[in-house]
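Asker: The following block contains a protein sequence and its predicted model.
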Amino acid sequence: MKKLLILISCLFLIASCKNNKTLENKDVEEKTEMEQVPDMHTSEIALDWQGTYSGVLPCADCEGIKTEVILRDDSSYKIKRVYMNKDVTVVEESGNFKWTDDGGTVILTNNENGTTTLFKVGENHLRQLDMEGKLIDGDMTEMYVLQKN
């Protein structure tokens with residue numbers, strides 16, 4: 001009788017260990033599936049980014065650059081820059097833009113010369129980035145922001 005009780009106890013113990021491993025494997029599979037789900041809270045998806053943004057950006061050799069950027073649903077853009085107190089006052093360009101893989105930054109590419117300008121898209125604003133896609137830091141960092149009209 002004791003042998004039978006010991007045998008039954010061992011079987012229950014083995015069965016419960018096997019179930020725990022199955023549950024652990026299932027948890028790992030669920031976590032892996034969750035990690036593969038794309039983030040649906042990117043600027044591209046979550047924000048109403050289409051529209052006109054404007055402001056005055058810093059200028060190395062003038063009082064500032066009045067800037068207006070228009071982003072359209074069809075991935076086209078138009079940018080107008082007015083250099084304050086300069087001989088050449090208005091520069092306009094247009095082209096297409098694309099989103100970075102993380103969906104947070106737009107890359108504006110000029111149709112005529114292929115130059116690019118990068119803006120991080122936030123709620124009702126664009127923040128100009130440097131050529132490497134990094135935030136422009138320092139004392140003037142807040143001056144690189146265009147507000148949505």
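Answerer: That came through fine.
Asker: how much space between G51 and V69?
Answerer: 9 Å (Cβ to Cβ, to the nearest Å). Just so you know, the C-beta spots here come from the backbone N, C-alpha and C atoms, and that holds for glycine as well.
Asker: who has more neighbours, those two?
Answerer: Taking other Cβ atoms under 10 Å, G51 and V69 do not tie; V69 has more neighbours (23 against 12).
Asker: Name the SS class of that one, please.
Answerer: Reduced to three states with DSSP: H, G, I helix; E, B strand; the rest coil, the structure at V69 is strand.
Asker: Contacts only, for it.
Answerer: Going by Cβ atoms under 8 Å, 6 or more residues apart in numbering, V69 touches T52, Y53, S54, Y77, K78, I79, L108, F119, L126, L146.
Asker: Name the nearest residue to the spatially most central residue of the chain, ignoring sequence neighbours.
Answerer: Central residue of the chain (Cα atoms, centre = their mean): G104, 1.5 Å from the mean position. Spatial nearest neighbour of G104, chain neighbours left out: S43 (4.9 Å); criterion: Cβ to Cβ, 6 or more residues apart in numbering.
Asker: Let me know the pLDDT of the closest residue to E123 other than its chain neighbours.
Answerer: The shortest distance from E123 to any non-neighbouring residue, by Cβ to Cβ, 6+ apart, is to L47 (6.0 Å). Per-residue pLDDT puts L47 at 92.
Asker: Least confident secondary structure element in the chain?
Answerer: One helix or strand of the chain scores below all others by mean pLDDT, DSSP states H and E: helix 2-36, with a mean of 56.
Asker: Just the CA trace of stretch 130-146, in CSV.
Answerer: Output in CSV follows, covering the C-alpha atoms of stretch 130-146 (Å, rounded to 0.1, in the frame of the first residue of the first chain):
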residue,chain,number,x,y,z
ASP,A,130,20.7,68.0,-37.2
MET,A,131,21.9,66.2,-40.4
GLU,A,132,22.4,63.0,-38.4
GLY,A,133,18.9,63.0,-37.1
LYS,A,134,19.8,64.1,-33.5
LEU,A,135,18.3,66.9,-31.5
ILE,A,136,20.1,70.2,-31.7
ASP,A,137,21.1,70.9,-28.2
GLY,A,138,22.5,73.8,-26.3
ASP,A,139,21.1,77.2,-25.3
MET,A,140,19.1,77.6,-28.5
THR,A,141,17.5,74.1,-28.6
GLU,A,142,14.0,75.5,-28.1
MET,A,143,14.4,77.9,-31.0
TYR,A,144,14.4,75.0,-33.5
VAL,A,145,10.6,74.4,-33.1
LEU,A,146,7.9,75.2,-35.6
